[in-house]
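Participant: Next come a sequence and a model predicted from it.
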Amino acid sequence: MTTYGRVVAAMDLILSTATAGELTVVSVTGEIDMYTAPQLRGYLTELLAEGVTRLAIDVNGVDFCDSTGLGVFIGTLRRLREVGGSLIIVCAREQMLKIFQLTGLQKVFDIRPQLPTDG
Amino acid sequence: MTTYGRVVAAMDLILSTATAGELTVVSVTGEIDMYTAPQLRGYLTELLAEGVTRLAIDVNGVDFCDSTGLGVFIGTLRRLREVGGSLIIVCAREQMLKIFQLTGLQKVFDIRPQLPTDG
Amino acid sequence: MPVVRFGFTPAPVHVRTARLVAASVAQRAPLPNELLSEVRQAAGEACSRAVARHRRFGVRELVRMELTIGASFVAEVADFAPVTRNTLRTSAVEAEELTGKTTDEDTLTEEVALALLGGLVTDLQVIEGRDGVGSVVRMAWPL
Amino acid sequence: MPVVRFGFTPAPVHVRTARLVAASVAQRAPLPNELLSEVRQAAGEACSRAVARHRRFGVRELVRMELTIGASFVAEVADFAPVTRNTLRTSAVEAEELTGKTTDEDTLTEEVALALLGGLVTDLQVIEGRDGVGSVVRMAWPL
Ligand SMILES: Nc1ncnc2c1ncn2[C@@H]1O[C@H](COP(=O)(O)OP(=O)(O)O)[C@@H](O)[C@H]1O
Ligand SMILES: Nc1ncnc2c1ncn2[C@@H]1O[C@H](COP(=O)(O)OP(=O)(O)O)[C@@H](O)[C@H]1O
């Protein structure tokens, strides 16, 4: 089973996966909070279980993200590090960048305004 | 003092007046409810006090209207009738037409989808 | 049974928030989309009615709305103003009468509110409050 | 002093409505527009924290949020879960530690929530609840 191109849409969160070179890119649209985070976590866990190690999460479609969402990102980063993988957060949104800053997590994550073009 | 062309904008209601032939047309934008109705009532009362008798209220910019709003329309109609005046409600919106129907007020008001062109 | 309670100082401005809450909870109940604007309108009417009653009788207690998701979606709006003979009605006078009669605008609005509630909500009750204090508008929509 | 109370069954879905309510009441307080998204985020964090605490301890009581408009805009979110040594903190551990440590995701989220609350709200307190039951996150914004 391959997850590429799969689109999962719940009431409040839309998740899709694409590839860009060697990178697996998950795009998230909607609000990430206590209600939708389990869905995001499950989706990412499944990708990692399938062997994805070079991951990017594009959050430019995210309208709202709380600590539960950040918790999912941290968990994903930790698991990727364990297998020598990497995580890029694609984010250009002011509001979202602010919560990374307020929590000091901008120092922890590799945050870029857009997808790296060199794959 | 003339009210024509005056625009009153509160936090949630925007009121403006224009003339179309002999008709005075008040356009309402926003939500009409218990909170904003006093403002609408005051605005219309002032117009009537200035001698307006042929009035149209354009509610196509109204997102929400409750019984308080309908109460203002009824009060205005009654006062206009007392002086031999007339009231047209300009309304093409489904949701708004529905509340006129549910209350039986569609039989009481002269409701038109657009401004009469014959002035 | 999920319950959401919303209590507010009897001021018109909070009725808008009450409408938001009712529609938001109804959406997640979930109630079909085409019913959401009815819930929003009906909850707003019930809350306006409660605020008006508190103001008329000078009652400063919070107006209370309770939303319950069970076999149906139930919205109850409670006021704590004195119950008079006219309070516990669910039917309004005819529309034609309204424009002719010399009733004041408040009474008029109340009649229109009742007509709207009756038209919007099939399962509608207006009952006495707990311990005989105030009145409760109870509205239910099947899930 | 206008007061709005919002109580909800401790389920994640209602936290979204709580955010809506907090932002809506703050807007009408009125709080400047640029602060509204902070209020929305902070209220959401406090409510998520309360829901998480109720779940962890199996407490089924409603989580309660109270919004008061006075000299400042005050938002209080109360839970009714047991208070342990760790409950009444307003400062979080360092971000760098989070990614290294073997803490579970719930604890991790809690630390991030605290860091966010501390960053968003200047006037922040986490205090014991009335009669020593539960905890209250109290946040204030000057008007
Ligand atoms: N929307 C509301 N806002 C504020 N208080 C409310 C609201 N609805 C109910 N209450 C009050 O909350 C109190 C607690 O109610 P509840 O949680 O059902 O427990 P109990 O009645 O056992 O104390 C009651 O006194 C009730 O009147
Ligand atoms: N958001 C809320 N939802 C439901 N109940 C609440 C909420 N906030 C407070 N309450 C409860 O409502 C009850 C009534 O509170 P209040 O109106 O202040 O009067 P009193 O405490 O005198 O009964 C209290 O028992 C309080 O715990």
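Facilitator: Done, it's in. Ligands and ions are numbered 1, 2, ... in the order given.

Participant: Give the buried residues for the lengthiest strand in chain A.
Facilitator: In chain A, with assignment by DSSP state E, the single longest strand is strand A:54-65. By 16 or more other CB atoms under 10 Å in any protein chain shown, the buried positions in strand A:54-65 come out as A:R54, A:L55, A:A56, A:I57, A:D58, A:V59, A:V62, A:F64, A:C65. For every residue, glycine as well, the C-beta is placed using N, CA and C.

Participant: if I read this right, the fifth one contacts A:L23, doesn't it?
Facilitator: No. Under the criterion of CB atoms under 8 Å, A:D58 makes no contact with A:L23, lying 10.6 Å away.

Participant: Spell out which residues are contacts of both of these two.
Facilitator: Taking CB atoms under 8 Å, 6 or more residues apart in numbering or on different chains as the criterion, A:D58 and A:L23 both touch A:L115.

Participant: Up against ligand 2, what does chain C have?
Facilitator: With CB under 6 Å from any ligand atom as the criterion, chain C meets ligand 2 at residues C:R5, C:G7, C:L62.

Participant: in a strand, that's where the second one is, yeah?
Facilitator: Yes. When DSSP: H, G, I helix; E, B strand; the rest coil is applied, C:G7 is found to be in a strand.

Participant: who's it bridged to?
Facilitator: Per DSSP bridges, the residues bridged to C:G7 are C:R64, D:R5.

Participant: Tell me, what's the model's pLDDT at it?
Facilitator: The score at C:G7 is 96. That number is its pLDDT.

Participant: From what I see, it and C:M65 are in contact.
Facilitator: Yes. Using CB under 8 Å, C:G7 is in contact with C:M65, at 7.4 Å.

Participant: neighbour count winner among these two?
Facilitator: Relative neighbour count places C:M65 above the other of C:G7 and C:M65, with 26 against 20, counting by other CB atoms under 10 Å in any protein chain shown.

Participant: From B:S27, how far out is the more buried one?
Facilitator: Look at C:M65 and B:S27: by CB to CB, to the nearest Å, they are 33 Å apart.

Participant: And the residue nearest the centre of chain C?
Facilitator: The centroid of chain C falls nearest to C:A46 when counting by CA atoms, centre = their mean (1.4 Å).

Participant: Wasn't it part of a helix?
Facilitator: Yes. Assigned with three-state DSSP, C:A46 falls within a helix.

Participant: so who does it touch?
Facilitator: Listed by CB under 8 Å, 6+ apart, the contact set of C:A46 reads C:M65, C:A75, C:V77, C:L117, C:V137, C:M139.

Participant: Is the last one in contact with C:A75, as I believe?
Facilitator: The reference is to C:M139. Yes. Here C:M139 lies in contact with C:A75, judged by CB under 8 Å, at a distance of 4.8 Å.

Participant: Find the residues that touch each one of these two.
Facilitator: The contact lists of C:M139 and C:A75 share C:A42, C:A43, C:A46, where a contact means CB under 8 Å, 6+ apart.

Participant: so which of the residues you listed comes closest to C:G132?
Facilitator: The closest of the shared contacts of C:M139 and C:A75 to C:G132 turns out to be C:A46 (CB to CB; 19.6 Å).

Participant: now the closest one: how far from C:E34?
Facilitator: 20 Å.

Participant: would a markdown table of the contacts of C:A46 with secondary structure and distance to B:A37 be doable?
Facilitator: Shown next, in a markdown table, are these (DSSP: H, G, I helix; E, B strand; the rest coil; distance: CB to CB, whole Å):
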| residue | secondary structure | distance to B:A37 |
| --- | --- | --- |
| C:M65 | strand | 20 |
| C:A75 | strand | 22 |
| C:V77 | strand | 19 |
| C:L117 | helix | 18 |
| C:V137 | strand | 20 |
| C:M139 | strand | 22 |
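
Participant: Of these, which is the nearest to chain A?
Facilitator: Among those, C:A75 lies closest to chain A (CB to the nearest CB), at 21.0 Å.

Participant: ok, back up a step: just the contacts of C:A46 now: which is nearest chain B?
Facilitator: Checking these against chain B by CB to the nearest CB gives C:L117 as the nearest, at 8.7 Å.

Participant: For the closest residue to that closest one other than its chain neighbours, give me its contacts.
Facilitator: What sits nearest to C:L117 in space, not counting adjacent residues and going by CB to CB, 6 or more residues apart in numbering or on different chains, is C:E45, at 5.3 Å. By CB under 8 Å, 6+ apart, the contact list for C:E45 reads B:D66, B:S67, C:A113, C:L116, C:L117, C:L120.

Participant: Whichever residue of chain A sits closest to ligand 2 and D:L20, how far apart?
Facilitator: Per CB to the nearest ligand atom, A:M34 is where chain A lies closest to ligand 2, at 18.7 Å. Remark: distance between A:M34 and D:L20 (CB to CB) = 15 Å.

Participant: for A:P116, same thing?
Facilitator: Counting by CB to CB, the separation of A:P116 from D:L20 is 37 Å.

Participant: can you check A:I99 too?
Facilitator: Applying CB to CB to A:I99 and D:L20 gives a distance of 19 Å.

Participant: re earlier: which two of the contacts of C:A46 have the greatest separation?
Facilitator: Longest span within these, CB to CB: C:M65 and C:L117, 14.2 Å.

Participant: Pretty sure A:L44 sits against A:V28.
Facilitator: No. A:L44 is beyond contact range of A:V28, at 9.9 Å (criterion: CB under 8 Å).

Participant: Over the longest helix seen in chain A, what's the mean pLDDT, rounded is fine.
Facilitator: Looking across chain A with DSSP state H, the single longest helix is helix A:67-82. In this model, helix A:67-82 has an average pLDDT of 95.

Participant: can you tell if that helix touches chain D?
Facilitator: Yes. With CB under 8 Å from any CB of the partner chain as the measure, helix A:67-82 is seen reaching chain D through A:S67, A:T68, A:L70, A:G71, A:V72, A:I74, A:G75, A:L77, A:R78, A:R81.

Participant: mind giving me CSV with those and columns for neighbour count and distance to ligand 1?
Facilitator: Formatted as CSV, those follow (neighbours: other CB atoms under 10 Å in any protein chain shown; distance: CB to the nearest ligand atom, whole Å):
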residue, neighbour count, distance to ligand 1
A:S67, 30, 27
A:T68, 29, 26
A:L70, 28, 32
A:G71, 25, 30
A:V72, 26, 32
A:I74, 25, 35
A:G75, 20, 35
A:L77, 22, 41
A:R78, 18, 40
A:R81, 13, 45
